[in-house]
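**Q** need a structure here:
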Amino acid sequence: MTSTRTKPANKAEALADWTDGRLGIYSLAKSNLRKIFPDHWSFMLGEIALYTFVIIILTGVWLTLFFNPSMGEVVYDGSYVPLKGIRMSEAYASTVNISFDVRGGLLMRQIHHWSAVVFIASMLTHMLRVFFTGAFRKPREINWVFGALLLILGMFDGFMGYSLPDDLLSGTGIRFMEGAVLAVPIVGTYLQMFMFGGEFPGMVIIPRLFTVHILLIPGIMVGLLAAHLILVFYHKHTQFAGAGRTNENVVGMPLMPVYMAKAGGFFFLVFGVVSVMSAIATINPIWAYGPYRPDQVSTDAQPDWYMGFSEGLIRVMPGWEISVWGHTLNLGVFIPLMVFPTLLLVIWGWPFLEAWVTGDRGEHHIADRPRNHPVRTAFGVAWMGLYLILLAGGGNDLLATHFHLSINAITYAVRACFFAVPVVLFVITKRWCLGLQRRDRDKVLHGRETGVINRLQHGEYVEVHAPLPQGRLFTLTAHEQPEPIVLEPEVDENGVVRRAGLWTRTRAKLSRGFYGEGSQIAKPTAEEHAEISSGHGHH
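**A** Numbers count the residues shown, from 1 in each chain. Presented below is the predicted three-dimensional model:
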């Protein structure tokens, strides 16, 4: 599509016409800039993740101009007096120089680190929002996987980032990583030698982490993020049930100018909040830890919170070892090393498990209310509880010193809670969801309480209930309730044995657990509502 003007009004329009003749921007803009996006406060969680990622890239580029990723030894002679005359790596010395000798350097370091922390937190919270509302269902399963990959890559890139300064805290974290690698049977020692270029700590681990941290992982993440946003744009954004909202439409605001204006303002708001956090709250004060030495371990050695649960697994696991054919297998590290990815993969594989259990092949663009899927919600809460328990296990030394408790007592408590807390949370959350479903059913059938009390002729006092608006009724009854799978009889009418296979029986059992009796409350039918609302015996 070309411009209908005989002559552009100004140079900007002339440039736009020239560009359109080569890229077709007019037709592209016409078809996409008016695309409608729904609005809900929880959608901001994903936006925070996007904006903090941009902040990380901007501040990271600036920091690379001053950081020297070398493990060569130097004697510090900068402006921070307590470290003068101390031998340290060039990586550590350059980080201290950024903090004290480069104008604005410490603030940029703080913004970069705080942005990484908020980035992981917002990604995890965003994924939990998607999980609890069922926004991962067809056609968004692939986008869920992309989000999961972004989260795990962000976690490991964050770990590599705070390992780069080569201070005593980050060096302890690298030592932790080395121990986990060595626990891998058969190939552990080979992997360790490959990563460190020799015995720990070697002279190449910081340059290698630097390359992976600023080049490899961010490059992959940018590609995944672009694919993630393209799929969001293509599939439409999910929206919550409400009047006029269906699987075939989107109710919201256009991308231009409303949504883009709000998004632009929100970006600067996020940048401002992170900057204020960075200005008033110190994070990773490497000058207080000192340079890394293999013979020392810093006090309060804690990773950033998003890797804390992996350390919790190691700390609370008993130090079991077995010997096989003259080789020692360190189960105290290897088992947590296997549990760590399993905890992540279980919830990331949930969309495919749920689709298999329900046999649902339809598209879903309406987000669920968490109460309407009690088993899914209860599983998510149990996972969160397990995550927090392991996070507490990763900080058992801090809990012991700050609250004057026995570190052994904390460790045993975390071990017990590892198995008990998820079960307790699952049961409580499921019953809570069922109770909320019963309340919704009662609201639909009997309306809302008005606070008006009437006395009947025979002396009984009753409260008057007002019928709900049609829009509210639609919201409370719009959700789907899958029927549990029922297996056919093992012997048919002709006496032929047709026993179901293991997979079929497992699927049917899971289906009954997800949607059978005791796992959902039947929502009111139109006939039930019509009968109640007719006024027979109800007020």
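
**Q** shaky segments in the stretch 301-450 of the chain?
**A** Judged by pLDDT under 70, the stretch 301-450 of the chain has its weakly predicted residues at 301.

**Q** so which residues of it form strands?
**A** For the stretch 301-450 of the chain, strands defined by DSSP state E, counting those that start in this stretch occupy the ranges 321-324, 327-330, 366-367, 448-455.

**Q** burial of Thr485, as a residue count?
**A** Not quite, residue 485 is Ile, not Thr. 19 (other CB atoms under 10 Å). Glycine gets a C-beta too; all of them are placed from N, C-alpha and C.

**Q** wait, what's in contact with it?
**A** With contact set as CB atoms under 8 Å, 6 or more residues apart in numbering, Ile485 has these partners: 359, 507-508, 511-512.

**Q** doesn't it belong to a helix?
**A** No: using DSSP: H, G, I helix; E, B strand; the rest coil, the assignment for Ile485 is coil, not a helix.

**Q** how near is it to Arg137?
**A** 18 Å (CB to CB, to the nearest Å).

**Q** so where does Val462 fall, helix or strand?
**A** strand 461-466 (DSSP states H and E).

**Q** regarding Pro254, what are the backbone dihedral angles?
**A** Phi and psi for Pro254, reported as degrees, to the nearest 10, are phi -70, psi 150.

**Q** dump the residue contacts of it.
**A** Pro254 neighbours (CB under 8 Å, 6+ apart): 33-37.

**Q** and the helix or strand of the chain with the lowest mean pLDDT, what does it pack onto?
**A** Ranked by mean pLDDT, DSSP states H and E, the weakest helix or strand in the chain is helix 25-32, scoring a mean of 71. On a contact count with 3 or more CB pairs under 8 Å, 6 or more residues apart in numbering; DSSP states H and E, helix 25-32 meets helix 11-23.

**Q** show me what the helix it packs on is packed up against.
**A** Contact here means 3+ CB pairs under 8 Å, 6+ apart; on that basis helix 11-23 packs against helix 25-32.

**Q** okay, now the unreliable bits of the protein?
**A** Short version for the chain, where the test is pLDDT under 70: 1-6, 9, 30-31, 298-301, 491-497, 533-539.

**Q** select the longest helix from it.
**A** Secondary structure assigned by DSSP state H gives helix 407-446 as the longest helix of the chain.

**Q** quick check: angle from it to strand 448-455?
**A** Angle, helix 407-446 to strand 448-455, by axes from the mean of the first three to the mean of the last three CA atoms, to 10 degrees: 60 degrees.

**Q** so for helix 407-446, what gets flagged as buried?
**A** Neighbour-count burial for helix 407-446, counted by 16 or more other CB atoms under 10 Å, picks out 410-411, 413-414, 417-418, 421-422, 425-426, 429-430, 432-434, 436-437, 440-441, 443-446.

**Q** what is the burial count for Trp41?
**A** Neighbours around Trp41, by other CB under 10 Å: 6.

**Q** where's it relative to Leu502, distance?
**A** Counting by CB to CB - Trp41 and Leu502 are separated by 45 Å.

**Q** right, and the strands of the stretch 301-450 of the chain - which one's nearest Thr401?
**A** strand 327-330 (27.4 Å; CB to CB).

**Q** neighbouring contacts of that closest one?
**A** Contacting residues not belonging to strand 327-330 are listed as 182-183, 185, 321-323 [CB under 8 Å, 6+ apart].

**Q** do the same with stretch 343-357
**A** Residues contacting stretch 343-357 (CB under 8 Å, 6+ apart): 131, 136-138, 140-141, 144-145, 148, 152, 309, 360-361, 376, 379-380, 383, 386-387, 507, 510-511, 514.

**Q** at 7 Å what do you get?
**A** 131, 136-138, 141, 144-145, 148, 152, 376, 383, 386, 507, 510-511, 514 (CB atoms under 7 Å, 6 or more residues apart in numbering).

**Q** what do you get for stretch 460-469?
**A** Taking CB under 7 Å, 6+ apart as the rule, stretch 460-469 contacts 443-444, 446-450, 452-456, 533, 539.

**Q** now with 8 Å?
**A** So stretch 460-469 is contacted by 443-444, 446-456, 476, 533, 538-539 (CB under 8 Å, 6+ apart).

**Q** and what of stretch 138-145?
**A** Residues contacting stretch 138-145 (CB under 8 Å, 6+ apart): 127, 130, 136, 228, 231-232, 235, 238, 348, 351-352, 355, 360-364.

**Q** check stretch 361-370 too.
**A** 132-135, 137-139, 235-236, 238-241, 245-248, 250, 355, 376-377, 433, 478-479.

**Q** contacting residues for Leu456?
**A** With contact taken as CB under 8 Å, 6+ apart, Leu456 is in contact with Val462.

**Q** ok, it to Asp167 distance?
**A** Distance from Leu456 to Asp167, counting by CB to CB: 77 Å.

**Q** go on, Pro303?
**A** From Pro303 to Asp167 the distance is 13 Å (CB to CB).

**Q** higher neighbour count, these two?
**A** Legend: neighbour count by other CB under 10 Å for Pro303 and Asp167, higher for Asp167 (27 against 21).

**Q** how about the more buried one, what does it touch?
**A** 92, 95, 286, 289-292, 298.

**Q** middle-most residue in the chain, spatially?
**A** Residue closest to the average C-alpha location in the chain (CA atoms, centre = their mean): Leu124, at 1.7 Å.

**Q** now the helix or strand containing it: buried residues?
**A** Using DSSP H and E, the element containing Leu124 is helix 105-132. Neighbour counts over helix 105-132 (16+ other CB under 10 Å) mark 105-106, 108-124, 126-132 as buried.

**Q** about what we covered before: tell me how far the residue nearest to the centre of the chain lies from Thr211.
**A** For Leu124, the distance to Thr211 - CB to CB - is 27 Å.

**Q** rewinding a little: would you write a PyMOL line that selects the buried entries of the contacts of stretch 460-469?
**A** The buried residues among the contacts of stretch 460-469 can be selected in PyMOL (16+ other CB under 10 Å) with this line:
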select buried, resi 443+444+446+447+476
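
**Q** what lies in contact with stretch 28-48?
**A** Outside stretch 28-48, the residues that touch it by CB under 8 Å, 6+ apart are 1, 118, 122, 125-126, 129, 133, 233, 237-240, 250-256, 259, 263, 266-267, 270.

**Q** please redo it, this time with the cut-off set to 6 Å
**A** 122, 125-126, 129, 237, 239, 250, 252, 254-256, 259, 270 (CB atoms under 6 Å, 6 or more residues apart in numbering).

**Q** check stretch 186-205 too.
**A** 71, 178, 181-182.

**Q** next, the buried residues of it.
**A** 188, 192, 195-196, 200-201, 205.

**Q** kindly report the same for stretch 209-223.
**A** Here stretch 209-223 shows 209-210, 213-214, 217-218, 221 as buried, counting by 16+ other CB under 10 Å.

**Q** excluding its backbone neighbours, what's nearest Leu128?
**A** Gly380 (6.6 Å; CB to CB, 6 or more residues apart in numbering).
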